[in-house]
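Colleague: Quick one: sequence plus predicted model below, questions after.
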Amino acid sequence: MKKVILFVMNFALVASALAQKQVFDVLNYTPPKDWDKTETPQGIQLSTKNDGQGNYATAVILRSTATTAASQENFNNSWDKLVKGTVSVSGEPTTQPAVEKGWDIVSGQARYTDGANKGWVTLITATGNGKMANVVILTNTDNYQTQILDFINSLDLNETATAQKPVSSTNTVTGPGIKNTYSITVPPTWSLNAGGNNLAVEKNTNTGKRIIEFMSMIQSSGSLEKDMEHIFFEVFDGWSLHNSPNNLLFEQGDHEKGLTSQGLPYYMLSNSISKNGSDVIKGTVLLIQAGTNVAIVNSADNILGSETEMALNFLLFTLKINGVAGKNVDYKKQLTGTWGSNSGLYGNSLSTVTSYLAEGKYYVLTQSSYTVGYDYYNDLIKNRKFKSHGLFSVKGNILERKYGSGAATNYFIRFYARKYGKNDWENVMSLYDCNYDKNKIEAVIRFHKI
């Protein structure tokens, strides 16, 4: 089947007046002529009649369900459940976002096999008004291409989505304007401030309030480094580098770059700044490449403060840009190998070493003395003298580890690079327990590949 089935539509749900429409839940639709219709508690199935040659096409409109997740997350979850749970797909779907009547829509398509049958599967997921609606289409032939296109073109949302009210500090937040740009899981011990057209997370500390502010997107130059050159001091207008000219922004900064949970490139830069003789603070700007635009997040903290750094690290495990198609990241391939976390006064010994094998097994070695260096542990790693072992799998940016007969533990995972000033980039990996303590924020431990 040709990909034109999706791309000619530009993935939007548009109205069609060619035939009499029917209503189901939040969707209007026109059933293809002579297709059978079957109603179930879960939804409506439309299917072609048996042509005697094994060719078929099926469209399923599912009843909407409540959701607090962002559109891309809803699509990903629906793809896993509705598509992968039904047929075997050859790869990840080609996706495209759209907005219709205030609803965020993500559509995707991939090849599939189902026994001897091969074809194309299409999923359309609409998110709005705290609801999620799905349409799944499967066919193993080009014969019904025109009918399928007419059916897709007939789909029309019969509700106009309105802005969601701010929800609790551990849920996803969306809303109008700036608030509709970001999907945020608020860090533990922080709170949401979504008043007016502002969007921020805040925390009161013994040395004052800490704020991480989410700003409107602007057009990107195509290079996050070039964008940072002018954005940093536009965000911190009137501030300057402490005891240094501003043109040393990059030479004296803390740098971090990587991919968000959507697979979008990000670049984060921190520097010591001051204003009119005021106290020196640590200013941070996070830029995320979102298509032809760049999303901007900023924060400030004490020079030796860690609260904001921990919150930014937490956000990078879950932060998403709404209406932007995600990119697939092969986390398992990056994870395969041996990783260690440093300890000791100069970070010259290993506290924990974990080796992940391509077949889905992992081995863990825990240090018993902080005076032992790399050579001793490298020898143990080489000879597979590990303390324990288990099984692991990776789904999206979630690492699942299972040890023995115990329950599985899930971690958010991300890979990124860090450096200070002109030093070399250092590639690292971090984990954060998905079942995190809502009343405590943890510092991120960085693992280095060895």
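Modeller: Right, received. Where do you want to start?

Colleague: What's the end-to-end length of stretch 92-110?
Modeller: 7 Å (CA to CA, to the nearest Å).

Colleague: buried residues in it?
Modeller: Buried residues in stretch 92-110, counted by 16 or more other CB atoms under 10 Å: 93, 95-100, 103-110. Bear in mind the C-beta positions are built from the backbone N, C-alpha and C, glycine included.

Colleague: Sitting in strands, which of those residues do you find?
Modeller: If you go by DSSP state E, the buried residues of stretch 92-110 have 95-100, 103-110 in strands.

Colleague: Tell me the one of the residues you listed nearest Val89?
Modeller: The closest of those to Val89 turns out to be Ala110 (CB to CB; 4.6 Å).

Colleague: give the contact list for that closest one.
Modeller: By CB atoms under 8 Å, 6 or more residues apart in numbering, the contact set of Ala110 is 83, 89-94, 120-121.

Colleague: and the ones in strands among the buried residues of stretch 92-110 as JSON lines, adding distance to Arg63 and pLDDT?
Modeller: What follows is those, written out as JSON lines (distance: CB to CB, whole Å; pLDDT from 0 to 100):
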{"residue": "Thr95", "distance to Arg63": "23", "pLDDT": "75"}
{"residue": "Gln96", "distance to Arg63": "24", "pLDDT": "74"}
{"residue": "Pro97", "distance to Arg63": "23", "pLDDT": "75"}
{"residue": "Ala98", "distance to Arg63": "22", "pLDDT": "77"}
{"residue": "Val99", "distance to Arg63": "22", "pLDDT": "77"}
{"residue": "Glu100", "distance to Arg63": "19", "pLDDT": "81"}
{"residue": "Trp103", "distance to Arg63": "16", "pLDDT": "86"}
{"residue": "Asp104", "distance to Arg63": "19", "pLDDT": "84"}
{"residue": "Ile105", "distance to Arg63": "17", "pLDDT": "88"}
{"residue": "Val106", "distance to Arg63": "19", "pLDDT": "86"}
{"residue": "Ser107", "distance to Arg63": "19", "pLDDT": "87"}
{"residue": "Gly108", "distance to Arg63": "20", "pLDDT": "86"}
{"residue": "Gln109", "distance to Arg63": "23", "pLDDT": "87"}
{"residue": "Ala110", "distance to Arg63": "24", "pLDDT": "87"}
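
Colleague: mind checking the SS state of the residue of the chain positioned farthest from its centre?
Modeller: Here the chain reaches farthest from its C-alpha mean at Gly52, the gap being 44.4 Å by CA atoms, centre = their mean. Following DSSP: H, G, I helix; E, B strand; the rest coil, the label given to Gly52 is coil.

Colleague: Quick check: closest non-adjacent residue to Ser306.
Modeller: Of all residues not flanking Ser306 in the chain, Ala443 sits nearest, at 6.7 Å (CB to CB, 6 or more residues apart in numbering).

Colleague: burial of the one you found, as a residue count?
Modeller: Close neighbours of Ala443, defined as other CB atoms under 10 Å, add up to 9.

Colleague: any idea how far Phe317 is from it?
Modeller: For Ala443, the distance to Phe317 equals 13 Å [CB to CB, to the nearest Å].

Colleague: my guess is Val186 meets Val201, correct?
Modeller: Yes. Between Val186 and Val201 there is a contact under CB atoms under 8 Å: 5.4 Å.

Colleague: Which residues are in contact with each of these two?
Modeller: Joint contacts of Val186 and Val201 (CB under 8 Å, 6+ apart) are Leu192.

Colleague: can you map out the strands along the stretch 101-250 of the chain?
Modeller: 103-114, 117-128, 131-139, 156-157, 172-173, 182-185, 191-193, 200-205, 208-219, 240-241 (DSSP state E, counting those that start in this stretch).

Colleague: And those: which comes nearest Lys402?
Modeller: Lys402 lies closest, by CB to CB, to one member of the strands of the stretch 101-250 of the chain: strand 182-185, at 24.3 Å.

Colleague: what packs against the closest one?
Modeller: In this structure, strand 182-185 packs against strand 172-173, helix 307-318, strand 320-321, with contacts taken as 3 or more CB pairs under 8 Å, 6 or more residues apart in numbering; DSSP states H and E.

Colleague: What's the mean pLDDT across the last one?
Modeller: Right, strand 320-321. For strand 320-321, mean pLDDT is 90.

Colleague: What is that strand packed up against?
Modeller: Using 3+ CB pairs under 8 Å, 6+ apart, strand 320-321 is in contact with strand 182-185.

Colleague: Tell me the buried residues in the strand it packs on?
Modeller: Those would be 182-185, for strand 182-185 by 16+ other CB under 10 Å.

Colleague: Please dump those into JSON lines; it should also carry distance to Ser355 for every row.
Modeller: Below are the buried residues of strand 182-185 laid out as JSON lines (distance: CB to CB, whole Å):
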{"residue": "Tyr182", "distance to Ser355": "36"}
{"residue": "Ser183", "distance to Ser355": "34"}
{"residue": "Ile184", "distance to Ser355": "34"}
{"residue": "Thr185", "distance to Ser355": "30"}
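
Colleague: Tell me which residues touch the closest residue to Gly323 other than its chain neighbours, please.
Modeller: In space, and not counting its chain neighbours, Gly323 is closest to Pro97: 4.8 Å by CB to CB, 6+ apart. Counting by CB under 8 Å, 6+ apart, Pro97 touches 11, 71-72, 104-106, 323-325.

Colleague: hmm, try it at 6 Å
Modeller: Pro97 is in contact with 106, 323, 325, counting by CB atoms under 6 Å, 6 or more residues apart in numbering.

Colleague: Now flag whichever of those residues is closest to Ile152.
Modeller: Val106 (14.3 Å).

Colleague: what about the nearest residue to that closest one once chain neighbours are set aside, distance to Met228?
Modeller: In space, and not counting its chain neighbours, Val106 is closest to Phe75: 3.9 Å by CB to CB, 6+ apart. Applying CB to CB, the value for Phe75 to Met228 is 31 Å.

Colleague: now do Leu259
Modeller: For Leu259 relative to Met228 (CB to CB), the value is 17 Å.

Colleague: So between the two, which is more surrounded?
Modeller: Shown here are Leu259 and Met228; by other CB under 10 Å, Met228 has more neighbours (23 against 20).

Colleague: Per-residue pLDDT of that one, please?
Modeller: So, for Met228, pLDDT stands at 92.

Colleague: give the contact list for it.
Modeller: So Met228 contacts 269, 287 (CB under 6 Å, 6+ apart).

Colleague: same thing but 7 Å
Modeller: 267, 269, 285, 287 (CB atoms under 7 Å, 6 or more residues apart in numbering).

Colleague: you'd agree the first one is up against Ser223?
Modeller: In this case it means Tyr267. No. Between Tyr267 and Ser223 there is no contact under CB atoms under 7 Å: 9.3 Å.

Colleague: any weak-confidence spans in the protein?
Modeller: 1-19, 162-177, 196-197, 277, 342-351, 366-387 (pLDDT under 70).

Colleague: domains of it?
Modeller: 4-157, 172-321, 331-449 (automatic domain parsing).
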